[in-house]
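In: Sequence and computational prediction follow.
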Amino acid sequence: MKNICEFLHMRVQKTTNWPMYRRLSIGETQISVCEGGVLPQSCWANPSMRTLRANCFSKLAKPPTICKVVGKNVLDGLGLPTLQVEIFCTIQNFPKNICSVVIATHFEVRENAVPELAEAEEVERSDAVSTAVQWVNETITQELQGLAPSDQAQVDQVLRTFFENKVQEDKERKELEKSLQDPSLLTPPPPPPPPPPPPAKKKGQKQGTKDALTEKPIIPPEPAEPVLCGSMAIGAVSLAVAKTNAMLDNNPLYFNIALLKHQQEQPTKLTIPLLMASLVSCGKSSPGKLNLMKEVICIPHPGLTAKQGVEMLMEIQKQINKAIELPPPPKAEPKKGHNGAKRGQPVITGKMTHLGCLTITYDTIEQPLLLIQGICANLGLELGTNLHLAINCAAHELMDYTKGKYEVMMGTYKAAADMVDLYVDLINKFPSIIALIDPFRKEDSEQWDSIYNALGSRCYIIAGSASKSISKLIEDGKIGSPKSSGLIIKHTNQTMMSDLVEVTKLIDSKKRVAIFGSTEGESSDDSLVDLAVGLGVRFLKLGGLSRGERVTKYNRLLTIEEELVQKGTLGLNEEHTFCCLNEEDEKAEVPAATEAGELLECPEPIFPTEVVEDESAGT
């Protein structure tokens, strides 16, 4: 109280020269103050005086600092455990809960997994979340105490050091366990048996014909990149601190992320990523014979707003539901010697997948594409003009290692070399497909090169599950394996905000496209939409327009678009441009140009189409 009176007394002395009794003007209100700086009791209840006190002392207060970080075990959109992080800051000497975030786990959702595998993964997930909660509540909260949330670089460095120490501890623990094992168990395994001798050449067989047909042995799958138990604590805390800083600055999260990417320089324009919305699923877990299409994805034209794109997608999805619910046409009597049963087989509704789209029954590759093509035609939409398609092949789920081939349809197997021809034929029949996601396993590098060379100038060849983790990409500093047009990046595990900024800069410098994707087991936290907008990625893959944890992200995207329009900072998306780079082009990238912020020119857009200005284009 004494300090307050002295402060106001100084303000009074600067306001007037009255010797004994002074009046302090606050707006239109005048308050009497005595020589000693003592205010009448009635003045303390004056609203203007309260405003003066709040404004004056908030400027003199210390900047907010982190005082506590709290981790909790919560449920995601599938009812599975995941991590929530809350940030408390000291503001004017009082702790205050600023925000919370929920991070999605990296675990795949295995719908048809054997019970033993499902149970083991459930235990692993539970341990990962419990360890992450322990890290946050015990060590991380102590490490971050006193740090300003505005200093994201320092926070991420503290988290990085903490994680490196945990990795080292885990390595030492495994080495100790290995040294304590029975020495007899550590004997090296016997060498593999020699390959069987080639079969004897049949009589009359021409020299070289059998060798030409002999297929290369299948490359076994690479071991999965190790994920340290509890690592999701790092990514969650980094995101929570970034969101805290945005809230304290009264800024949206995407704005602060954009400042991080542009070295604290405010970008003049921000673009809304192009939507990749899942329409139907005909993958390995679907009841039909078709396995190749885990997701059939729709991409609205770049000239449409996000709102127009969502409205169009909703109408297409509505028509898909109607088409599936219609009773099947009566089966025609098959001609003699022909089986018409499969042709008249009804399309049945499966279930809503965790990706937010319907699982439907189909037996051929063309059927789901023809369904969408017909619906678009009925709505007055043209594939390749108003919208485009993408296919998530999820090839790693199709490999039958006993046969060494991909099971594209039940009972139909294709060798890796034959898959290239399959994809080329598919694009020739349906040129509106502008992206293939994971067309091969990451081990089939030769086929990645082949399909990139064959189709890279006509569509995007995207590495999703075939790509390395973000930490590995940053460590290697290159994104050329497997050879692709772009990468899907996700915010999981130990990925921090600084890592996302660095990896998107790396992708941009290599003239690739960045797709920000949601994980299979998503939460209702919509922060990843802000991350995608702030990082300036080309595409945003959120799944279908169903399930609350996915719809909330579409709603967030529409809100951001409205805000950018009101501020006049909404940038326009460019047409789809495909750059098929060979090894010489990649080696010839000029560092000086990238340092100056100049990207090498790409060919003219493949689809220089104009958006139809009518209601059908936006609905």
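Out: Great, that's in hand. Residues are numbered from 1 along each chain as shown.

In: Report how many residues lie close to Ile437.
Out: Residue neighbour count, defined by other CB atoms under 10 Å, stands at 27 for Ile437. For glycine as for every other residue, the C-beta is placed from the backbone atoms N, C-alpha and C.

In: Report the central residue of the protein.
Out: When CA atoms, centre = their mean is applied to the chain, the residue found nearest the centroid is Gly517 (2.4 Å).

In: ok now do that residue, which residues does it touch?
Out: Contact analysis of Gly517 by CB atoms under 8 Å, 6 or more residues apart in numbering lists 464, 488-490, 540-541.

In: For it, give the beta-bridge partners.
Out: Beta-bridge pairing of Gly517 under DSSP bridges involves Lys541.

In: any idea how far it lies from Asp400?
Out: From Gly517 across to Asp400, the span is 26 Å (CB to CB, to the nearest Å).

In: Over to Asp425?
Out: Relative to Asp400, and taking CB to CB, Asp425 is found at 22 Å.

In: rewinding a little: where's the residue nearest to the centre of the chain relative to Gln145, distance?
Out: Using CB to CB, Gly517 is found at 34 Å from Gln145.

In: what do you get for Pro368?
Out: Distance, Pro368 to Gln145, using CB to CB: 54 Å.

In: quick one, which of those two is more surrounded?
Out: The neighbour comparison of Pro368 against Gln145 (other CB under 10 Å) goes to Pro368, with 24 against 14.

In: residues touching the more buried one, list them.
Out: 280, 282, 290, 293, 296, 360, 362.

In: what about 6 Å?
Out: Shown in contact with Pro368 (CB atoms under 6 Å, 6 or more residues apart in numbering): 280, 282, 296, 362.

In: burial count for the first one?
Out: By the criterion of other CB under 10 Å, Val280 has 26 neighbours.

In: Specify the beta-bridge partners of it.
Out: According to DSSP bridges, beta-bridge pairing links Val280 with Val296, Leu358.

In: Next one: it from Pro431, what distance?
Out: Computed with CB to CB, the distance linking Val280 and Pro431 is 20 Å.

In: What segments of the stretch 301-450 of the chain are helices?
Out: Assigned by DSSP state H, counting those that start in this stretch, the helices in the stretch 301-450 of the chain fall at 306-325, 366-378, 416-429, 445-455.

In: What average pLDDT does the shortest one get?
Out: Which is helix 445-455. Per-residue pLDDT over helix 445-455 has a mean of 95.

In: Now it: buried residues?
Out: Of all the residues in helix 445-455, those buried under the rule 16 or more other CB atoms under 10 Å are 447-452, 454-455.

In: Equivalent analysis for the third one, please.
Out: Within helix 416-429, the residues scored as buried using 16+ other CB under 10 Å are 416, 419-420, 422-423, 426-427.

In: Any regions of the stretch 201-350 of the chain where pLDDT drops low?
Out: 201-216, 326-350 (pLDDT under 70).

In: Show the contacting residues for Pro289.
Out: No, residue 289 isn't Pro; it's Lys. By CB under 6 Å, 6+ apart, Lys289 lies in contact with 363, 409-410.

In: Of those, just the buried ones, ChimeraX syntax please.
Out: Here is the ChimeraX selection string for the buried members of those, based on 16+ other CB under 10 Å:
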select :409
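
In: So Val70 lies in a strand, does it not?
Out: Yes - counting by DSSP: H, G, I helix; E, B strand; the rest coil, Val70 is part of a strand.

In: how many other residues sit next to it?
Out: Number of residues near Val70 (other CB under 10 Å) recorded here: 16.

In: my read: it touches Glu86, true?
Out: Yes - under the criterion of CB atoms under 6 Å, Val70 makes contact with Glu86 at 4.3 Å.

In: Now Ala104. Its backbone dihedrals?
Out: With angles defined as degrees, to the nearest 10, Ala104 sits at phi -80, psi 150.

In: Name the nearest residue to it, ignoring sequence neighbours.
Out: Thr519 (4.2 Å; CB to CB, 6 or more residues apart in numbering).

In: from what I can see the one you found touches Val102, true?
Out: No - Thr519 lies out of contact with Val102 (CB under 6 Å); the separation is 11.7 Å.

In: longest helix of the protein?
Out: helix 152-179 (DSSP state H).

In: tell me which residues of it are tucked away?
Out: Applying 16+ other CB under 10 Å to helix 152-179 flags 152, 155-156, 158-160, 162-163, 166 as buried.

In: That helix: how far from the chain's middle?
Out: Chain-centre distance of helix 152-179: 25 Å, with CA atoms, centre = their mean, to the nearest Å.

In: by contact count, what packs against it?
Out: In terms of contacts (3 or more CB pairs under 6 Å, 6 or more residues apart in numbering; DSSP states H and E), helix 152-179 is packed against helix 232-248.

In: Centre of the chain to the helix it packs on, how far?
Out: Computed by CA atoms, centre = their mean, the separation of helix 232-248 from the middle of its chain amounts to 16 Å.

In: the inter-axis angle of it versus helix 152-179?
Out: Between the axes of helix 232-248 and helix 152-179, defined by axes from the mean of the first three to the mean of the last three CA atoms, to 10 degrees, the angle is 170 degrees.

In: what residues does helix 232-248 touch?
Out: Contact with helix 232-248 is made by 64, 83, 85, 87, 98-99, 101, 103, 132, 135-136, 140, 149-150, 152, 155-156, 159, 163, 253, 256, 491, 493-497, 527, as judged by CB under 6 Å, 6+ apart.

In: give me the low-pLDDT residue ranges for the stretch 1-150 of the chain?
Out: 1-61.

In: all strands in it, in order from the N-terminus.
Out: With strands called from DSSP state E, counting those that start in this stretch, the stretch 1-150 of the chain shows them at 21-26, 29-34, 65-75, 81-91, 94-103.

In: I'd like those strands as TSV, with distance to Ala390 appended.
Out: As requested, those are arranged in TSV below (distance: least, CB to CB, whole Å):
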stretch	distance to Ala390
strand 21-26	61
strand 29-34	64
strand 65-75	31
strand 81-91	28
strand 94-103	26
